[in-house]
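I'll drop the sequence and a predicted model, then ask my questions.
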Amino acid sequence: MKIRSMTPDGVDAFRTWLNGRASGDIPAELLTGSKETKSFQPALEIEQRKFTCRYELGQYVNEILGPVSLSEVPRNHGIWSWLSIFFFDSLCPQNPDGTRDPRESVRYIWDVSFSKYYRHLIGHTVYSIRLYGEEAKPLFVAPSKRIVHTDYCEQIFGYQDLCQTVSFIATANRLYFDRKKNQIKAGATPNTRKPGTVRRLGDVFNQIALTFDVQGMSPEQILQKLPQEFRHWIN
Amino acid sequence: MIRTLNYTKRLTLPSDCLRIRLEKAGENTLVSASELRLPAGLPPDGKIFLEAYFQSLFQRFDLGTVSNPRMPEEETAILREFYDGCDVQFRLKVVDVVGEEGRIAAVCVRINYRSGDDAGRSPLIPVKTVGNLGQEIWRVVYENGFILELNQEITNIKEIVTRDRSVRGVILPEVLRAVLTRILAENLDEESENGYAYEKAPNWLQLGKAFSGGIEPPPLEGRDADTDIHTWVNDAVRGFCQKHLFRSEWEAERESLRTGASERGAI
């Protein structure tokens, strides 16, 4: 199927459907309706596939969007909502009784505010793969083999200034990502600032960034500057 | 009150240490930089970096060294990945690479800049039309500063909010209330060596003071959200409404609409 872009009317209809618990089959008009959608240029083919995680889905969409630069598909572009509805059965599968359990709408319809933009399940993943390359992977994998927004992703992007720095994300990945198990280590993302955990890393990194040019430092150089509390996380 | 320590003697550069202008060149946005002004005493080999950023988007421009600065050439000055409408910000760093590796010798956390479509004004609160607001008409967000976001799906929304007498009296007082309350509740008026936590906090509080009949905002130390802040902000908002006669404007607008409707009905 050719990728389309959702119109404001389509986004409103999508939001209404989500608010009604998104039960049953995906409304066909949200995919192809002339009022709800419009064509997207360049013409790009996309197909349904099975994905085991958000990263895999993001990789596939990124590959399809290869000829398109990010500046052509800003966060408020209708393509992201359309891609959400196209892959909705993967993002929010139907229960045996036909109902669904949709999460907050910002996971499917991009909210551009600084505290929510990183929750869009497809768009933010594509952006991150473009910005961070391989370092994006730990942000978007989960042991559940489902497409979810993880605590790790939530906590990393809670530090708005730091997530501009690839070395921050790379340092966090060195500490908390278990490459053998392909998942974030247990206990890395509590909701408190427990010593050595992600939230503490954000605080400490902020302090380091006051004195050192972290954008020009490698993760290894940064790891050397971290206090003792982080040592036991190093692989 | 200076509360932070600065053992490395990092210098704070003023917001006009570099002149930046954004210009459209076809599909691209170019960063034009000139008139770099650095204080004496910085390491001659210190590298100068200009950094553009917005949320997770980031781009760095190499401006040479303190002893040999160079502005970006046209082909290297393209602002990539940043899309139209995003609130791109700039900062400047001088990094000492001879002494301790990668130590920041001087920094300007936010550079004022001009784009081709503004006149260099720095509004107290930028107004932006944005998508995906659903049925929300407006909201105030904080992203390196307060922004009034308006739903771009409403035709002429910017003009309606800023000019329509019956609308602005409904929205603007709540914008003022939201901004003042957040500045005081989250201590965005706290001053450090890098300036205020939110650089326009003093301007907003000055405005609030003028509207509240000259009463100073509650001091940083020990202010109470439920009483001190609430009382002062309410006074400021009431004074703001009084100055602009929002209720009278609203009534006049409603009356003129009613009269217009009757006249049309008579025809």
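Okay, I see it. Residues are numbered from 1 along each chain as shown, chains lettered A, B, ... in the order given.

and the pLDDT at B:G116?
pLDDT recorded at B:G116 is 60.

now do B:V175
With respect to pLDDT, B:V175 scores 94.

ok, now which ones touch it?
By Cβ atoms under 8 Å, 6 or more residues apart in numbering or on different chains, B:V175 lies in contact with B:I125, B:V140, B:L148. Where you see a C-beta, it was placed from the backbone N, CA and C, and this is true even at glycine.

identify, from those residues, the entry nearest to B:F211.
Within the contacts of B:V175, the smallest distance to B:F211 is 15.1 Å, found for B:I125 (Cβ to Cβ).

let's verify the closest one: helix, strand, or coil?
With DSSP: H, G, I helix; E, B strand; the rest coil as the basis, the three-state label of B:I125 is coil.

so which of the contacts of B:V175 comes closest to A:A43?
B:L148 (37.5 Å).

which parts of chain A belong to which domain?
What automatic domain parsing lists as the domains of chain A is A:1-134, A:150-235.

what's the mean pLDDT across the last one?
Over the span of domain A:150-235, the pLDDT mean works out to 91.

ok so, going back, of the contacts of B:V175 - the most surrounded one?
Most neighbours among these, by other Cβ atoms under 10 Å in any protein chain shown: B:L148, with 22 neighbours.

pull the distance from the longest helix belonging to chain A to the chain's centre.
Longest helix in chain A by number of residues (criterion: DSSP state H): helix A:198-211. Its chain's C-alpha centre and that of helix A:198-211 lie 22 Å apart, by Cα atoms, centre = their mean, to the nearest Å.

hmm, who's touching that helix?
Against helix A:198-211 from outside (Cβ under 8 Å, 6+ apart): A:152, A:155-156, A:158-159, A:161-162, A:165, A:168, A:171-172, A:175-176, A:188-190, A:192-194, A:214, A:222, A:225-227, A:229-230, B:8, B:10, B:103-104.

repeat that for 6 Å
Contacts with helix A:198-211, where a contact means Cβ atoms under 6 Å, 6 or more residues apart in numbering or on different chains, come from A:Q155, A:Y159, A:L162, A:F168, A:A172, A:A188, A:T189, A:R193, A:K225, B:T8.

centre of the chain to whichever helix or strand comes after that helix, how far?
Following helix A:198-211 in sequence order, the next helix or strand is helix A:219-225 (DSSP states H and E). In terms of Cα atoms, centre = their mean, the gap separating the centre of helix A:219-225 from the centre of its chain is 26 Å.

any idea how many residues pack against A:P27?
17.

nearest residue to it in space, please, no chain neighbours.
Excluding the flanking residues, the one nearest A:P27 by Cβ to Cβ, 6 or more residues apart in numbering or on different chains is A:W17, at 6.1 Å.

quick one: buried residues of whichever helix or strand that neighbour is part of?
Assigned by DSSP H and E, A:W17 belongs to helix A:8-19. Judged by neighbour count using 16 or more other Cβ atoms under 10 Å in any protein chain shown, the buried positions of helix A:8-19 are A:P8, A:G10, A:V11, A:D12, A:A13, A:F14, A:R15, A:W17, A:L18.
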